[in-house]
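> What would the 3D arrangement of this be:
(chains A and B)
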Amino acid sequence: MSAEAVMELANVSRTYGQGEAKVFALRNVSLRVLSGEFVSIVGPSGSGKSTMLGLLGCLDVPTSGTITVCGKEITALGDAERTAVRGRTIGFVFQQFHLIPHLDAAGNVETALLYRGFKPAERRDRALAALQQVGLLPRADHRPVQLSGGEQQRVALARALVTEPRILLGDEPTGALDTKNAAMVMELFANLRSPERAVILVTHDPGVAAAADRKISMLDGEIVADERKAVVL
Amino acid sequence: MIGVAAIIAAVGLTDSAKGDLKRKVTELGTNLVLVSAQSSVGRQNPTLPKDAADRATKVITVEKVAAIAQLANIVVTPYERAKSQFETVPIPVVAVDDQLPNVLEVPLVSGRWINAFDESATTRAAVIGIGLAREFNYLPGEMRTIELNGIRYGVVGILDKVELEPAFDNAVFIAFRAAEQDFVDNDIQPNKVYIRCKNGTETETAIALKTAVNLGGPQEVQTEIKAAALELAAQSDRQLQLIVVSMGLLAVIVGGLGIANVMSISVIQRSAEIGIRRALGHSRAIIGAQFMLESLVVGFLGGVMGVLLGIGAIFTGVKISGWVFVLASWLPPAGIVLAMLISVLAGVYPSTRAARLEPLETLRLG
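Here you go, the predicted model:
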């Protein structure tokens, strides 16, 4: 049975400025990510990785081309609809964690469940279950300032997973971590793989890229390589 | 908070003062009319006709009449040795008939008033106001003399506080005959006549008295309804109230600008939080509503504290002044609503700004 495409970019370009000052951050990119895939997007600074991340995360709209998320074309949607698709479908993990400082770990995870019709008790239960999944249930009542970098990133991962997204999008998820914590977080990513979910990590870390099944290389706003690991039978 | 407190205190204190005034006017009656000689160009110390009191009784609505003549250039001292101390502070000396306390409806604290005997026998009897008694350290019932331009007068009584004529509290009252004998070369003519008329007839009595007292003579006469004069004083209090309320409103508006400023800074400081919540699927409307709600809560808390502070100021003012505490029931909720309204207006710009923040601006991707 072939996997469903969760993310499709068709001839997508993203430009900034006009006329002679026009800059192509992404130039005519086409990409298809299937459910269950573990994808890394690599490239040097200025290759268009951040722009690609913004478009994959429905945080930005392309200048031309179309983007389809789980079969729904989002390019022509208004901001509110695009926001709703993003909230339902995509979980984010950022390099800087971006936890809310005045909320404890459980509260940060619960933020992803707000305004979705859950009762407070159910929200709390789901948040604690997500923290359990990343091994941080005992620290549920700790604020970010009381957590280490690795623990904060695991809370961010729990927040990304609690909505059961079809796509887990990571922006340099180990960029702010030491080697030990980075390895721990990458192990979690590996363990969180499932046929219903695609994991896309944007990184310039070769170690992170090597953990993925598929490596997409970018340069100057274009995809220059799309390599899949050989499956050993 | 301060603006709301100022408005509450201004309105409450003025209402309490008005309540106290109403009480005073009710106690003293509204049917007191004052007839006085009107000063005109080139005429100093205007007076009424000598029989002005008799003429006033001809008005059918007049019930009681008392004439007075305010005397000038009389130095009052409690005793010989205090002359140098009191010379610089002029004390009013008033020639009176035997009816004044009856007309003013003011009792004596002690002793008696100037009577017909004082008038006929030209005794040097004096009555002093309660303020003067306190200043001269009179004990109740004490027999003392005072000196008027060096002439000894015996103090026979102390008049209680006269709400409608505060100047009388520090005055000395002597008989017309004594004044004529000791201080004035010619016959004394009264310059004021106090009248009690039938209740509800103050206005027509005042009009009639002008003609009755003047009778076409050269002296010009003016009348004043004393209760109305107090009401006029209250009017100026209301104008003062309006000024203080306006200043309070200005303070509330400035407070609103402060809320807008603080909320705007909050948006900047929490831009990363806004970005991540937008990434998590929170719409612009939700983000804007959150900041507007925070602004509203700040306004509500400020309003409540302002109301409490204002009520505290009223309590303090009333305690010091001896007024009755009056606070309109609509005032506290109105103060809170006003604070919340201003905070909502103040929150429009910061909440709009928060809603418009793009996640890509704040999340530092890559």
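> Any residues of chain A in contact with chain B? List them.
A:45, A:49-50, A:53-54, A:57, A:59-60, A:79-80, A:83-84, A:86-88, A:92, A:94-96, A:98, A:100, A:111-112, A:114-115, A:159, A:163, A:171-172, A:202 (Cβ under 8 Å from any Cβ of the partner chain). In short, each C-beta sits where N, CA and C put it, glycine included.
> Can you select the buried ones among those for me in ChimeraX?
In ChimeraX, a selection of the buried entries from the residues of chain A next to chain B looks like this (16 or more other Cβ atoms under 10 Å in any protein chain shown):
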select /A:49,50,53,54,57,59,60,83,86,87,88,92,94,95,96,98,100,111,112,159,163,171,172,202
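> what sits against the residue in chain B that chain A sits nearest to?
Closest residue of chain B to chain A, Cβ to the nearest Cβ: B:G281 (1.6 Å). B:G281 makes contact with A:T83, A:A84, A:R86, A:G87, A:R88, A:A112, A:Y115, A:T163, according to Cβ atoms under 8 Å, 6 or more residues apart in numbering or on different chains.
> what pLDDT does it get?
At B:G281, the model reports a pLDDT of 90.
> For chain B, which segments are assigned as strands?
According to DSSP state E, chain B carries its strands in the segments B:32-37, B:62-71, B:76-77, B:93-96, B:108-111, B:125-129, B:144-148, B:151-159, B:172-175, B:192-197, B:221-225.
> Turn those strands into a markdown table, columns for distance to chain A, mean neighbour count and mean pLDDT.
Formatted as a markdown table, the strands of chain B follow (distance: least, Cβ to the nearest Cβ, whole Å; neighbours: other Cβ atoms under 10 Å in any protein chain shown; pLDDT from 0 to 100):
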| stretch | distance to chain A | mean neighbour count | mean pLDDT |
| --- | --- | --- | --- |
| strand B:32-37 | 68 | 24 | 87 |
| strand B:62-71 | 75 | 21 | 92 |
| strand B:76-77 | 74 | 22 | 82 |
| strand B:93-96 | 75 | 23 | 93 |
| strand B:108-111 | 69 | 17 | 90 |
| strand B:125-129 | 68 | 26 | 92 |
| strand B:144-148 | 77 | 18 | 85 |
| strand B:151-159 | 71 | 19 | 91 |
| strand B:172-175 | 75 | 24 | 94 |
| strand B:192-197 | 73 | 24 | 91 |
| strand B:221-225 | 67 | 18 | 81 |
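> what's the closest of these to A:A211?
strand B:221-225 (98.8 Å; Cβ to Cβ).
> Quick one: low-confidence residue ranges for the stretch 101-250 of chain B.
Residues of the stretch 101-250 of chain B meeting the criterion pLDDT under 70: B:215-219, B:229-237.
> Helices of chain A, start to end?
A:49-56, A:79-89, A:105-111, A:120-133, A:149-161, A:179-191, A:206-211 (DSSP state H).
> JSON lines please, covering those helices and showing mean pLDDT and distance to B:I311.
Output for the helices of chain A, formatted as JSON lines (pLDDT from 0 to 100; distance: least, Cβ to Cβ, whole Å):
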{"stretch": "helix A:49-56", "mean pLDDT": "90", "distance to B:I311": "55"}
{"stretch": "helix A:79-89", "mean pLDDT": "91", "distance to B:I311": "46"}
{"stretch": "helix A:105-111", "mean pLDDT": "95", "distance to B:I311": "38"}
{"stretch": "helix A:120-133", "mean pLDDT": "94", "distance to B:I311": "37"}
{"stretch": "helix A:149-161", "mean pLDDT": "93", "distance to B:I311": "47"}
{"stretch": "helix A:179-191", "mean pLDDT": "86", "distance to B:I311": "57"}
{"stretch": "helix A:206-211", "mean pLDDT": "85", "distance to B:I311": "64"}
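> Can you name the residue of chain A nearest to chain B?
For chain A, Cβ to the nearest Cβ, closest residue to chain B: A:G87, 1.6 Å.
> I'd guessed that residue sits against A:T163; true?
Yes - the pair A:G87 / A:T163 is scored as a contact, 7.1 Å apart, by Cβ atoms under 8 Å.
> Report the spatially closest residue to the residue of chain B closest to chain A, excluding sequence-adjacent ones.
Closest residue in space to B:G281, ignoring its immediate chain neighbours: A:G87 at 1.6 Å, by Cβ to Cβ, 6 or more residues apart in numbering or on different chains.
> ok, the one you found to B:A52 distance?
Taking Cβ to Cβ, to the nearest Å as the measure, A:G87 falls 93 Å from B:A52.
> At the geometric centre of chain A, which residue do we find?
A:L169 (0.9 Å; Cα atoms, centre = their mean).
> Contacts only, for that one.
If you count contacts by Cβ under 8 Å, 6+ apart, A:L169 has them with A:L53, A:L56, A:G57, A:I90, A:G91, A:F92, A:V93, A:I200, A:L201, A:V202.
> likewise B:G19?
B:G19 sits next to B:W323, B:V324, B:V326 when contact means Cβ under 8 Å, 6+ apart.
> Take these and lay them out in a markdown table including pLDDT and distance to B:P190.
Output for the contacts of B:G19, formatted as a markdown table (pLDDT from 0 to 100; distance: Cβ to Cβ, whole Å):
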| residue | pLDDT | distance to B:P190 |
| --- | --- | --- |
| B:W323 | 73 | 35 |
| B:V324 | 73 | 37 |
| B:V326 | 76 | 40 |
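> Pull out the buried members of those residues.
By 16+ other Cβ under 10 Å, the contacts of B:G19 give B:W323, B:V326 as buried.
> can I get the contacts of B:G19 in TSV with distance to B:L345?
Shown next, in TSV, are the contacts of B:G19 (distance: Cβ to Cβ, whole Å):
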residue	distance to B:L345
B:W323	35
B:V324	37
B:V326	31
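> thinking again about what came up before, so can I have a markdown table of the strands of chain B showing distance to B:Y349?
Output for these, formatted as a markdown table (distance: least, Cβ to Cβ, whole Å):
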| stretch | distance to B:Y349 |
| --- | --- |
| strand B:32-37 | 59 |
| strand B:62-71 | 65 |
| strand B:76-77 | 68 |
| strand B:93-96 | 66 |
| strand B:108-111 | 65 |
| strand B:125-129 | 62 |
| strand B:144-148 | 72 |
| strand B:151-159 | 65 |
| strand B:172-175 | 68 |
| strand B:192-197 | 63 |
| strand B:221-225 | 55 |
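> Can you flag which of the contacts of A:L169 belong to strands?
Among the contacts of A:L169, the residues falling in strands (DSSP E) are A:I90, A:G91, A:F92, A:V93, A:I200, A:L201, A:V202.
> which two in those are spaced the farthest apart?
Farthest pair in the ones in strands among the contacts of A:L169 (Cβ to Cβ) is A:G91 and A:V202. Separation: 14.1 Å.
> so what's the residue nearest to the centre of chain A bridging to?
A:F92, A:I200 (DSSP bridges).
> B:I286 touches A:Y115, doesn't it?
Yes - counting by Cβ under 8 Å, A:Y115 is a contact partner of B:I286 at 6.0 Å.
> Next one: A:G65, what pLDDT does it get?
A:G65 carries a pLDDT score of 93 in this model.
> contacting residues for it?
A:G65 makes contact with A:L9, A:A10, A:N11, A:V12, A:S13, A:N28, A:V29, A:T75, according to Cβ under 8 Å, 6+ apart.
> Among these, which are located in strands?
A:L9, A:A10, A:N11, A:V12, A:S13, A:N28, A:V29.
> ok, and for stretch B:288-301, which residues are buried?
Buried residues in stretch B:288-301 (16+ other Cβ under 10 Å): B:G288, B:Q290, B:F291, B:M292, B:E294, B:S295, B:L296, B:V298, B:G299.
> ugh, wrong one, I meant stretch B:121-141
For stretch B:121-141, the neighbour count (16+ other Cβ under 10 Å) marks B:123-133, B:135-136, B:138 as buried.
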